[in-house]
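Student: coordinates for the following, if possible.
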Amino acid sequence: MAEKILPTEDYEVPAVLSEEIVVFPQTDVAISVREERSIAAIGQALKEHQLLAFIPSSNRSIEGMIGTLAHLVKGIPSKEGPQQILLRGLWRIRVKSLLTEKPYVKIRFERVNESENSHDGSSLVKKVYEQIDEFVKLIPGIPSEIINLVKSAENPGKLADLCALSPNFTNEERLDLFRTLDPEKRLEKVNELFEKQLDALKRIAEGKSISECETCIDLADKAFEADPIRRGEIVLSFLNHVMQEHTGELLALLAEKYGPIFMKKRALR
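Tutor: Below is the predicted model:
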C-alpha cells in the first residue's frame, strides 16, 4: 500500500513529534493533536500523499530515532481546539535526518527491517494466546471483538503490537515495546508483562474480594449511614483501603467496565 503511495525512493514526509503518541504498525487509531507544528504537518500531509511520520519524542535531536510511517485516512477540520485525525500505521521507520522544523517538522527516513525468522516464534505466539484466554476467564466482559482482533495476528510482531495497545500497559512499557525492533523479543516482553498481570489477578482471585472484605463492608455501611459532612471522609478511607489492599481487583474492575472506553479516549488525546 505505502509502496504505491510513496512517489520516490528518497522518502521525505511531514512528521509529528510527541512522547504521548505511539502509533503501532498495522493498527487503526484516532488521534487528537494540539501542537501548532503538528497541525501544520497534518495539513501538509493531506495536501501531498496522505503520509505522516510519528516520532515518539519531544527531543529535536531525532536522527536515528524509531518512529512510524502512517497513512492519514482522514483529517477532521477544527477551527478551535485539537485537530482530530484517523490513520493507519504502516511501518516502523528510522529517521535519517531532520529537514525542516518550521512551519512543520519534515524528515527523511528509511524503513526498518523487521524480519521474523526464529523457529521459536510459533510457540511464543501460542503462549501469549493462552495468556489471553486466562485474562478472559479472570476478567469477564472483555469485548469479543478485541479478543478476535488480537488472535487474528499471524506472526509474533503483529501480535506484540496489538497486545501493546492494552490499557494496562504504562506509556513507558508501551514505548519500550515499540522500540524493541526484534519481533520475537518484543513478544517475549509482552509475555513477561502479561505474566506479572496474571499473577496479580490470580492472587486476587485466591483472596477475599472487595465485596467479602470486612473492612470494606464496614466502611461502606458507615458511609451510607453518615451525614453528608462526614460521608466524604469515610468514602476517602474506603478508597484508600481498596487501593492499598485490593489494587489488582480494582484494576480488573476498571479494565472490565472502562477498558474499551479508555483505549478510545487515549487514542483521541
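Student: ok but residue 92 is inside a strand, no?
Tutor: Yes. Residue 92 forms part of a strand when assessed by DSSP: H, G, I helix; E, B strand; the rest coil.
Student: that one and residue 70 touch, don't they?
Tutor: No. Under the criterion of CB atoms under 8 Å, residue 92 makes no contact with residue 70, lying 11.0 Å away. C-beta here means a position set from N, CA and C on the backbone, and glycine is covered the same way.
Student: neighbour count for the two, which is higher?
Tutor: residue 70 (29 against 21; other CB atoms under 10 Å).
Student: confirm the more buried one sits in a strand?
Tutor: Yes. Assessed with three-state DSSP, residue 70 lies in a strand.
Student: what is it paired to in the beta sheet?
Tutor: Note on residue 70: beta-bridge partners by DSSP bridges are residue 52, residue 89.
Student: and the pLDDT at it?
Tutor: Per-residue pLDDT puts residue 70 at 93.
Student: now residue 174: how far from residue 148?
Tutor: Computed with CB to CB, to the nearest Å, the distance linking residue 174 and residue 148 is 22 Å.
Student: repeat that for residue 114.
Tutor: Relative to residue 148, and taking CB to CB, residue 114 is found at 24 Å.
Student: same check on residue 237?
Tutor: For residue 237, the distance to residue 148 (CB to CB) stands at 42 Å.
Student: same question, residue 219
Tutor: From residue 219 across to residue 148, the span is 40 Å (CB to CB).
Student: could you check which of these two has the larger neighbour count?
Tutor: Legend: neighbour count by other CB under 10 Å for residue 219 and residue 148, higher for residue 219 (20 against 9).
Student: spell out the secondary structure type for the more buried one.
Tutor: helix.
Student: got a list of what it touches?
Tutor: Shown in contact with residue 219 (CB atoms under 8 Å, 6 or more residues apart in numbering): 234, 237-238, 241.
Student: who's in contact with the nearest residue to it once chain neighbours are set aside?
Tutor: Leaving aside its sequence neighbours, residue 219 sits nearest to residue 238 (CB to CB, 6 or more residues apart in numbering; 4.1 Å). By CB under 8 Å, 6+ apart, the residues touching residue 238 are 216, 219-220, 223.
Student: check which helix or strand residue 238 maps to.
Tutor: Using DSSP states H and E, residue 238 sits within helix 228-245.
Student: what's the residue nearest the centre of the chain sitting at in phi/psi?
Tutor: Per CA atoms, centre = their mean, the C-alpha nearest to the average position across the chain is that of residue 165, at 3.4 Å. In terms of degrees, to the nearest 10, the main-chain angles of residue 165 are phi -80, psi 0.
Student: equivalent analysis for the one 10 residues further on, please.
Tutor: For residue 175, the backbone dihedrals are phi -60, psi -40 (criterion: degrees, to the nearest 10).
Student: mind naming the longest helix for this structure?
Tutor: helix 183-206 (DSSP state H).
Student: remind me what that helix packs against, helices and strands.
Tutor: Under the contact criterion of 3 or more CB pairs under 8 Å, 6 or more residues apart in numbering; DSSP states H and E, helix 183-206 touches helix 121-138, helix 156-163, helix 171-179, helix 247-267.
Student: hmm, back to that, filter the contacts of residue 219 to the buried ones?
Tutor: With neighbours counted by 16 or more other CB atoms under 10 Å, the contacts of residue 219 contain buried members at 234, 238, 241.
Student: what's the closest non-adjacent residue to the last one?
Tutor: Of all residues beyond its chain neighbours, the one nearest residue 241 is residue 215 (5.7 Å), with distances taken as CB to CB, 6+ apart.
Student: over to the first one?
Tutor: In this structure, residue 234 finds its nearest non-sequential neighbour in residue 223, 4.3 Å apart by CB to CB, 6+ apart.
Student: tell me the average confidence for the helix or strand harbouring the one you found?
Tutor: Secondary structure from DSSP H and E places residue 223 in helix 214-225. Mean pLDDT, helix 214-225: 88.
Student: so how far is that helix from its chain's centroid?
Tutor: 37 Å (CA atoms, centre = their mean, to the nearest Å).
Student: got the angle between it and helix 228-245?
Tutor: 160 degrees (axes from the mean of the first three to the mean of the last three CA atoms, to 10 degrees).
Student: sweet, I'm off.
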